[in-house]
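Asker: Return atomic coordinates for the entry below.
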Amino acid sequence: MTASRRPVAEPPGFLARVAAPYRAGLAGLDRRIPLLALSTFLFIAARLGALTFLGIYFVRVLEIPVPTVGLAFLVENVVRGAVGPFTGALSDRIGRKPMLIASVLASAALMPAFLLVEDARGLFLWSAAIGIAQGPWFPSSMALLIDLAPVARRQSAMALVFTALALGYTLGVAPAGFLASAGYELLAAGSSGVFLLVALVVALAFRGPLPREPEGSRGSVLAEMLRAPRDPAFALFALLVFLFPLGIGLVSLVVPIYGSDLGLSEATIGLVLSASGIVLAGLALPANARVESRGPFRFLPVAAAFAVAAYAALAFADGALAMLVAVVVFTLAEVFFSAALPVAVAALAPPGSRGAYQGTWGFLFAASVGSALFLAGLGRDALGWRATWLVFAAATALAGLGLALARARLRRVADARAAQTTSTPASSPEA
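Answerer: As a prediction, this is how the structure comes out:
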């Protein structure tokens, strides 16, 4: 009698093997986290899809000088960042959902108001208003994500949101370009409509009670705003990681000018920069799912090493291929630090201050990105491009060394505050 054989399991197919790291990254996450990622995707698509082409509108249609338009956009970034600490601290008090809905409704009302701008004064007023309207979104959404994700899964959750952010920028620009070419009134209506869609998604996705972190010992909202800057551990961490978002500004704002000086066409530069969004969207979730168990501080020196290599490659770049390699290498750094930094900020936040700390970090992030073109311009005029890139490489190397040396101290502070959080009774769920 022949013994029966146990059937041999078929090896997973190619698509299953490719999808496995993404499934691992999503496994066990609160079902509302993908909806928050969808909201972020739509918000970024509406915001940056419009702003990308409004520079053309203000310069060509309204004939406002390019430096003035650039300064107005800087005002928008600075105001948006400055609003963050206050609105983040306020979200700790009244909840994340009201702040998110207020932000997108204000954006839906104010974004089309660019059609009312007639001169530079009106442009600055509109830019400041947009900064105020959109300032609450980033700290409140990041704090809500941390609320929803267990400690062990926060980095994967953050990576999912940053994947949505990268896709929002990449995919949002194309339809906005078609709307702008058909008429800026259509661009205004389309952007406003997407913001209203975000409000609908948030209202429906986050019905019912939401988790709230323990309150801890709180002072006034103003006192909570100033808590992070007065925190020695947070101040040390912010000093060491300030150059990471600066790198995002260098790649997105400075590399196009550098490429133009090297003789590359706008089309070629655009293709080179598009690689960054593709790599970030493709690797962020699986890469961070593999490293999140080791904590957000461990791989930041590795991210610094990738950034140093990218700047060194830019210093000696002589064409499109070399620039493409440099951009891709920097994106490998961004894969790790973009998800790890907000998680590290959350780990350093005392109980009840999660939104305030995310708001303070949002302000520093905006200031860092916004200063990239200014600092690189000074370096280019004084030292030349090669020396400028090498200065950025040396500064980032020092920051990476500092992060490696400070990792144990930051980890101890984070562990102590996590213990405070678990020993503090949680507040009532957010309605």
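
Asker: The strand or helix carrying residue 396 - contacts with which helices or strands?
Answerer: If you go by DSSP states H and E, residue 396 is part of helix 385-423. Other elements packing on helix 385-423 under the criterion 3 or more Cβ pairs under 8 Å, 6 or more residues apart in numbering; DSSP states H and E are helix 232-241, helix 243-249, helix 300-315, helix 320-348, helix 354-383. (Glycine included, C-beta is placed from N, CA and C.)

Asker: 6 Å instead?
Answerer: If contacts are counted by 3 or more Cβ pairs under 6 Å, 6 or more residues apart in numbering; DSSP states H and E, helix 385-423 sits against helix 232-241, helix 300-315.

Asker: Give the residue spans of this structure that score low on pLDDT.
Answerer: 1-28, 170, 211-226, 266-267, 270, 420-431 (pLDDT under 70).

Asker: Okay, domains of it per the record?
Answerer: 30-208, 224-423 (automatic domain parsing).

Asker: In JSON lines, list the ones you listed along with mean neighbour count.
Answerer: What follows is these, written out as JSON lines (neighbours: other Cβ atoms under 10 Å):
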{"stretch": "domain 30-208", "mean neighbour count": "20"}
{"stretch": "domain 224-423", "mean neighbour count": "20"}
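
Asker: residue boundaries of the helices in the stretch 151-300 of the chain?
Answerer: 154-182, 184-205, 221-225, 232-241, 243-249, 255-261, 266-291, 300-315 (DSSP state H, counting those that start in this stretch).

Asker: which other residues reach the fifth one?
Answerer: Put plainly, it is helix 243-249. Residues from elsewhere that reach helix 243-249 (Cβ atoms under 6 Å, 6 or more residues apart in numbering): 307, 337, 365, 368-369, 372, 396, 399.

Asker: so, if you compare these, which one comes nearest to residue 95?
Answerer: residue 365 (23.1 Å; Cβ to Cβ).

Asker: can you tell me which residues contact the closest one?
Answerer: Residue 365 makes contacts with residue 245, as judged by Cβ under 6 Å, 6+ apart.

Asker: Please apply the same query to the one 5 residues further on.
Answerer: By Cβ under 6 Å, 6+ apart, the contact list for residue 370 reads 74, 77.

Asker: if I look at it, how far off is residue 381?
Answerer: To residue 381, residue 370 is 19 Å away according to Cβ to Cβ, to the nearest Å.

Asker: ok, the nearest residue to residue 325 once chain neighbours are set aside to residue 406 distance?
Answerer: With Cβ to Cβ, 6 or more residues apart in numbering as the measure, residue 313 is the residue that lies nearest to residue 325, at 5.8 Å, once sequence neighbours are left out. Computed as Cβ to Cβ, the residue 313 to residue 406 distance reads 27 Å.

Asker: now residue 242
Answerer: 14 Å.

Asker: Save the contacts of helix 243-249 as JSON lines, and put in distance to residue 288 too.
Answerer: Converted to JSON lines, those look like this (distance: Cβ to Cβ, whole Å):
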{"residue": "307", "distance to residue 288": "17"}
{"residue": "337", "distance to residue 288": "10"}
{"residue": "365", "distance to residue 288": "18"}
{"residue": "368", "distance to residue 288": "21"}
{"residue": "369", "distance to residue 288": "21"}
{"residue": "372", "distance to residue 288": "24"}
{"residue": "396", "distance to residue 288": "21"}
{"residue": "399", "distance to residue 288": "21"}
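
Asker: Of those residues, which is the nearest to residue 41?
Answerer: Nearest to residue 41 among these is residue 365, at 19.0 Å by Cβ to Cβ.

Asker: coming back round to it: and of the helices of the stretch 151-300 of the chain, who's closest to residue 61?
Answerer: Going by Cβ to Cβ, the one of the helices of the stretch 151-300 of the chain nearest residue 61 is helix 184-205, 7.3 Å.
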